[in-house]
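K.L.:
no sequence on this one, just coordinates:
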């Protein structure tokens, strides 16, 4: 049943991710202790540079997934084989191209770092090993896409997430044993290779009628790349330009500070993002049935995401600095501006998930290109201007503002126009009420929590657990009185499909 598959997709993403996230909190502490802030900053910088090199794929994964919805719905195995054969050949070339680009970029790594203490040869070696561990996945993308369109994504989730748990555990052990950064990166590559091989083996066994060696490969999905590339670039600027700017202007120590906050925020973003990724294929397949129910699913999912955003973000804003100060023993400089900026960015990320999910499912890549361009331009200009006056917080505020303007407002207008063909006025009026509830809830929480003095992790956990529970009940009551808890029933309907 599709209900079972949907739940499995979500659970096999979220449960291991929670484990990985908590392992990561310990890992970051050990990373700072044994390898130092500069190495942590270097690791994060490599991640961002590698993401930019990955522009080579041009958003091809989304294009392939979208092209498979119709033949999958029609049970056209021949067409699917032709598309997947073409995608496999394409991704193999992309993997090779990315490694060659990474090799060239390795000669210029030092340019991205202010006052770098690492030698040029060391930077080149570690970056190339890091690149290798990231490139491996490209050779296995078609297998993951096949499982996703078949609503069997939970299989690839299990392989990747269990591999990540093994990776994080081994990394903790290796840090405690005093092993080098290079050894850790080699371990990453080996674990990722094994995880992806397991995914490929299962996909071939489960989908025996699908061939990855069709005689007439179909490259029609490449027609969407020109539209998807704009979105790909925008996603990279929005999510990854921050570290490059901070590294170049402020240095690796500031990158380490950013990374600690960012890890906590990303832990939540990744978990919630699984809601979106778990239902994209379902909505895409449902759209093929021309169901009017998609609009109502969207509207109620939006209300549910606002509920989640308020319940998570208000307590987080009040507690994140205390946690970082206690857990990292005051080795990380915290400020209210950085904390507020990160949480605002998280809030916007959550409330735009419904729009992001549905525009992807409806294939509105061309129509939303102007949103992506506006997001990039505003983000880059404001980031470069505000970083000089507000530091890390300025870069984050720039990203939050551009996200709100382009991704939340403009993209939603386009979705209503082209997918739902309805007026968007009711949507924004209703959401204004949710914003007011969030602001009032924050100020109430601030006046309550400022009366507590927290000086150890156990006290922090007890106080904020109690506050979060009470605050959640309060917000649930408010949403019930506003008639917005119907969203839970509507969200359940998303998974109700015939056998």
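P.N.:
Great, that's in hand. Just so you know, these numbers come straight off a predicted model, no measurement behind them.
K.L.:
low-confidence ranges in the stretch 101-250 of the chain?
P.N.:
For the stretch 101-250 of the chain, applying pLDDT under 70 flags the ranges 115-116, 223-241, 243.
K.L.:
now do 80
P.N.:
Within the stretch 101-250 of the chain, the stretches with pLDDT under 80 are 110-118, 150-154, 157, 219-244, 246-250.
K.L.:
Going along the chain, name the helices of it.
P.N.:
Counting by DSSP state H, counting those that start in this stretch, the stretch 101-250 of the chain has helices at residues 120-135, 141-149, 153-176, 181-206, 225-249.
K.L.:
Show me what the fourth one is packed up against.
P.N.:
Okay, so that is helix 181-206. Applying 3 or more C-beta pairs under 8 Å, 6 or more residues apart in numbering; DSSP states H and E, one finds that helix 181-206 contacts helix 120-135, helix 141-149, helix 153-176. C-betas here are computed from N, CA, C, even on glycine.
K.L.:
What residues sit buried inside it?
P.N.:
Judged by neighbour count (16 or more other C-beta atoms under 10 Å), helix 181-206 contains these buried residues: 181, 184-185, 187-189, 191-193, 195-196, 198-200, 202-203.
K.L.:
and the direction of it versus that of helix 141-149, what angle?
P.N.:
60 degrees (axes from the mean of the first three to the mean of the last three C-alpha atoms, to 10 degrees).
K.L.:
from the buried residues of helix 181-206, which is closest to residue 107?
P.N.:
residue 185 (18.6 Å; C-beta to C-beta).
K.L.:
so how far is residue 208 from that closest one?
P.N.:
For residue 185, the distance to residue 208 (C-beta to C-beta, to the nearest Å) stands at 37 Å.
K.L.:
ok, now residue 242?
P.N.:
Counting by C-beta to C-beta, the gap from residue 242 to residue 208 is 45 Å.
K.L.:
These two: who's more crowded?
P.N.:
More crowded of residue 242 and residue 208, by other C-beta atoms under 10 Å: residue 242, with 23 against 8.
K.L.:
Quick check, that one in contact with residue 383.
P.N.:
Yes - look at residue 242 against residue 383 with C-beta atoms under 8 Å: they come within range, at 7.0 Å.
K.L.:
quick one: common contacting residues for these two?
P.N.:
Residues within reach of residue 242 and of residue 383 at once, by C-beta atoms under 8 Å, 6 or more residues apart in numbering, are 395, 399.
K.L.:
okay if I get the helices of the stretch 101-250 of the chain as TSV plus distance to residue 377?
P.N.:
Converted to TSV, the helices of the stretch 101-250 of the chain look like this (distance: least, C-beta to C-beta, whole Å):
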stretch	distance to residue 377
helix 120-135	28
helix 141-149	30
helix 153-176	34
helix 181-206	35
helix 225-249	9
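K.L.:
hey, which of those is tucked in deepest?
P.N.:
Highest mean neighbour count among the helices of the stretch 101-250 of the chain (mean count of other C-beta atoms under 10 Å): helix 141-149, with a mean of 25.
K.L.:
Need the residues that contact it.
P.N.:
61, 64-65, 68-69, 72, 80, 84, 87-88, 91, 153, 155-156, 196, 199-200, 202-204, 206-207, 210, 212, 280-281, 284.
K.L.:
what separates that helix from the chain centre, distance-wise?
P.N.:
Chain-centre distance of helix 141-149: 18 Å, with C-alpha atoms, centre = their mean, to the nearest Å.
K.L.:
So for residue 32, what's the nearest residue that isn't a sequence neighbour?
P.N.:
Excluding the flanking residues, the one nearest residue 32 by C-beta to C-beta, 6 or more residues apart in numbering is residue 40, at 5.9 Å.
K.L.:
Which parts of the stretch 351-499 of the chain are helices?
P.N.:
353-361, 369-390, 392-402, 411-415, 425-449, 457-481, 486-493.
K.L.:
I'd like the distance from the first one to the chain centre, please.
P.N.:
It refers to helix 353-361. 14 Å.
K.L.:
likewise stretch 380-391?
P.N.:
How far stretch 380-391 lies from its chain's middle: 24 Å, per C-alpha atoms, centre = their mean.
K.L.:
what comes up buried for it?
P.N.:
For stretch 380-391, a neighbour-count test (16+ other C-beta under 10 Å) marks 380, 382-383, 386-387, 390-391 as buried.
K.L.:
Also stretch 70-87?
P.N.:
Neighbour counts over stretch 70-87 (16+ other C-beta under 10 Å) mark 71-72, 79-87 as buried.
K.L.:
Between those, which has the least confident prediction?
P.N.:
Lowest in pLDDT among the buried residues of stretch 70-87 is residue 72, which has 82.
K.L.:
could you say what helices and strands the helix or strand hosting it packs with?
P.N.:
With elements taken from DSSP states H and E, the one containing residue 72 is helix 60-73. Judged by 3+ C-beta pairs under 8 Å, 6+ apart, helix 60-73 is in contact with helix 77-105, helix 141-149, helix 225-249, helix 252-288.
K.L.:
Next, the residue nearest to residue 261 when sequence neighbours are not counted: phi, psi?
P.N.:
Nearest non-adjacent residue to residue 261, counting by C-beta to C-beta, 6+ apart: residue 342, 5.0 Å away. Taking degrees, to the nearest 10, you get phi -60, psi -40 for the backbone angles of residue 342.
K.L.:
What of residue 177?
P.N.:
phi -80, psi -10.
K.L.:
how far away is it from residue 126?
P.N.:
Using C-beta to C-beta, residue 177 is found at 19 Å from residue 126.
K.L.:
ok, now residue 92?
P.N.:
Shown here: residue 92 relative to residue 126, a distance of 26 Å by C-beta to C-beta.
K.L.:
what do you get for residue 320?
P.N.:
Residue 320 sits 30 Å away from residue 126, taking C-beta to C-beta as the criterion.
K.L.:
Likewise for residue 456?
P.N.:
Per C-beta to C-beta, residue 456 is found 37 Å from residue 126.
K.L.:
Skipping adjacent residues, who's closest to the residue nearest the centre of the chain in space?
P.N.:
Nearest to the mean C-alpha position of the chain, counting by C-alpha atoms, centre = their mean, stands residue 270 at 5.0 Å. In this structure, residue 270 finds its nearest non-sequential neighbour in residue 17, 5.8 Å apart by C-beta to C-beta, 6+ apart.
K.L.:
Then residue 316?
P.N.:
Leaving aside its sequence neighbours, residue 316 sits nearest to residue 343 (C-beta to C-beta, 6+ apart; 5.6 Å).
K.L.:
do the same with residue 175
P.N.:
residue 30 (4.3 Å).
K.L.:
now residue 68
P.N.:
In space, not counting the residues next to it along the chain, residue 68 is nearest to residue 149; the distance is 4.4 Å by C-beta to C-beta, 6+ apart.
K.L.:
quick one, what contacts the residue nearest to residue 175?
P.N.:
Counting by C-beta under 8 Å, 6+ apart, residue 30 has contacts 172, 175-176.
K.L.:
pLDDT below threshold where in the stretch 351-499 of the chain?
P.N.:
360-366, 369, 372, 483-499.
K.L.:
For stretch 412-427, what is the distance to the chain centroid?
P.N.:
Computed by C-alpha atoms, centre = their mean, the separation of stretch 412-427 from the middle of its chain amounts to 25 Å.
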